[in-house]
Structures are given as C-alpha cells and as structure tokens.
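Enquirer: when you get a sec, could you give me coordinates for this:
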Amino acid sequence: MIQPIVHAATPVTLLGGADIDAGDLNMCLRLAPMVVAADGGADHALRAGRSPVAVIGDMDSLTEAARTAFAAVLHPVAEQDTTDFEKCLTRIRAPLILAAGFLGGRLDHTLSTLGVLARLRACHVVLVTRDDVCVLLPAGESLWPLAAGLRLGVLPLGAARVSSAGLRWDLNDRAMAPDGLVSSSNAVASDPVRLQVAGPVLLTLPRQAAGVVTDVVLGR
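Expert: The predicted model follows:
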C-alpha cells in the first residue's frame, strides 16, 4: 500500500512542469493556497515565490535552484512505472486537487495525464489550463449549475454510457468511447445540467467555470 505524503483537509494546488499561465496559477492559489509540486513543477513555485509543502517525483527535471530551495520537502520516488502526476495523486490525500501544468505541453504527457485520471477514477482532481477546466465525472448522477450558452464537452476516456439533461445536444443513454461517439462541442441549454454516467468521462468547461466545478466536487 502506498503511504500518503500529504494529508490536507482543504484543497491543494498541484503544479506540474508544463507551461502555466500566470492567470492559471493565481486562480488555483486563490482557491487552494496549499501547494504541492510534481518534480519540475517546483520551479513554477520557486518563480512565484511559493513554498510547496512537498515536492514529489523522480526528480529528473528539477533544477538545482529548486532542489536547493526546497531540499527539506523533497520526496523522491525512484520507480519509473508511473508518471510524476500519478506519483503525486497516489500520495496526496485532499478533498480537491487543482492541477496546473499537466496539459498543453507534450502530447504524450497530456494523454498520459488523462489516462491516469481514468485509471484512478480521480474525480476530485480538476485540471486547469489557460482556456479550460476539466474534471472526471463521478459515476452515477451529478448536477452542474451552469449558465446557458456556456461551452461544454463530454469526452469519454474509455468505454462509457452517458445520459444528460440541459445540454444543447442531449445524450440519451448513449454508448461513448474515445474511438466512437464523443461530444466535444456541446453547450449548456438550461441550468442545471444533469449528467448520468457509467465509465470514465471527462467534463470540459471554460476556465471561468472553475468556481462552479470546485463547488460541485466539494459538495457545496
């Protein structure tokens, strides 16, 4: 059994090594001031003047400056069967993780990140980019209070079935898969949106919906 490194009763910001827009970082820190870094993500923390409570990973992309600055909180995980993102998720216990710096860089890293979400069924993790917030939908039914007209994507990360109410193009117990039906350019028709899912399905929304997404994940 993997032993947790970080135990938090409040949301955590997790920083990866890919590019992070200043707006992404500021939004994450406003919602989740506690910082954990995945390997080279520590350099983002260093540049922002933030001290992570832990730096987790194989440490193969950490600069010497960050290694020195955060020497007291380095937690090397040497095995190479998992990514730094997975190393972090399996060692952080928190009600919500806002993860920035994991999408928008190398395609293989992006696909690996999404694969980790699906495999771990990590519905408490919200991925943040300059344009979007993304979260894995919980199994069963969930309600999303979203403004009409808002862009929305329902993207299967594996074999899934999805029903919806409140979308411009609703889904009625539709079989979905990455190599089959996806709903990449949908929109909100009425508030709230009701989604019923079985299988790993990613919900994507504009970054302006981050507050709504975090509230739903936290059960507020």
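Enquirer: surely Ser163 and Ser183 touch.
Expert: No: using Cβ atoms under 8 Å, Ser163 is not in contact with Ser183, being 11.8 Å away. To be clear about C-beta, it is placed using only N, CA and C from the backbone, and glycine gets the same treatment.
Enquirer: neighbour count winner among those two?
Expert: Each of Ser163 and Ser183 has its neighbours counted (other Cβ atoms under 10 Å); Ser183 has more, 21 against 15.
Enquirer: which strand or helix spans the residue lying farthest from the centre of the chain?
Expert: The C-alpha centroid of the chain is most remote from Thr68, which lies 28.0 Å away (Cα atoms, centre = their mean). Applying DSSP states H and E as the criterion places Thr68 in helix 64-69.
Enquirer: after that helix, next one along is what?
Expert: strand 74-76.
Enquirer: what about that following strand, distance to the chain center?
Expert: 22 Å (Cα atoms, centre = their mean, to the nearest Å).
Enquirer: immediately after that strand, which helix or strand?
Expert: Heading C-terminal from strand 74-76 (DSSP H and E), you reach helix 84-89.
Enquirer: quick one: mean pLDDT for that following helix?
Expert: The average pLDDT within helix 84-89 is 96.
Enquirer: using PDB, write out the CA atom coordinates for that helix.
Expert: In PDB, the C-alpha atoms belonging to helix 84-89 read as follows (Å, rounded to 0.1, in the frame of the first residue of the first chain):
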ATOM      1  CA  ASP A  84       5.100  12.100 -11.700                       C
ATOM      2  CA  PHE A  85       1.400  13.000 -11.900                       C
ATOM      3  CA  GLU A  86       0.400   9.600 -10.800                       C
ATOM      4  CA  LYS A  87       3.100   9.500  -8.100                       C
ATOM      5  CA  CYS A  88       1.500  12.700  -6.700                       C
ATOM      6  CA  LEU A  89      -2.100  11.700  -6.900                       C
END
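Enquirer: so that it lines up with my notes, have the first residue be 726 from now on.
Expert: Sure, I'll start counting at 726 from here, so that last one is helix 809-814.
Enquirer: list the contacts of it.
Expert: 739, 741-742, 761, 763-764, 766, 781-783, 802, 822, 824, 827, 837-838, 841, 845, 847, 850 (Cβ atoms under 8 Å, 6 or more residues apart in numbering).
Enquirer: may I see the PyMOL selection of the buried members of these?
Expert: Burial among these is assessed by 16 or more other Cβ atoms under 10 Å; the matching PyMOL selection reads:
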select buried, resi 739+741+742+761+763+764+766+781+782+783+802+822+824+827+838+841+845+847+850
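Enquirer: domain ranges for this protein?
Expert: Domains of the chain are assigned by automatic domain parsing as 731-855, 865-942.
Enquirer: which residues do Ser888 and Ser908 both contact?
Expert: Here Ser888 and Ser908 have Leu896 as joint contacts, going by Cβ under 8 Å, 6+ apart.
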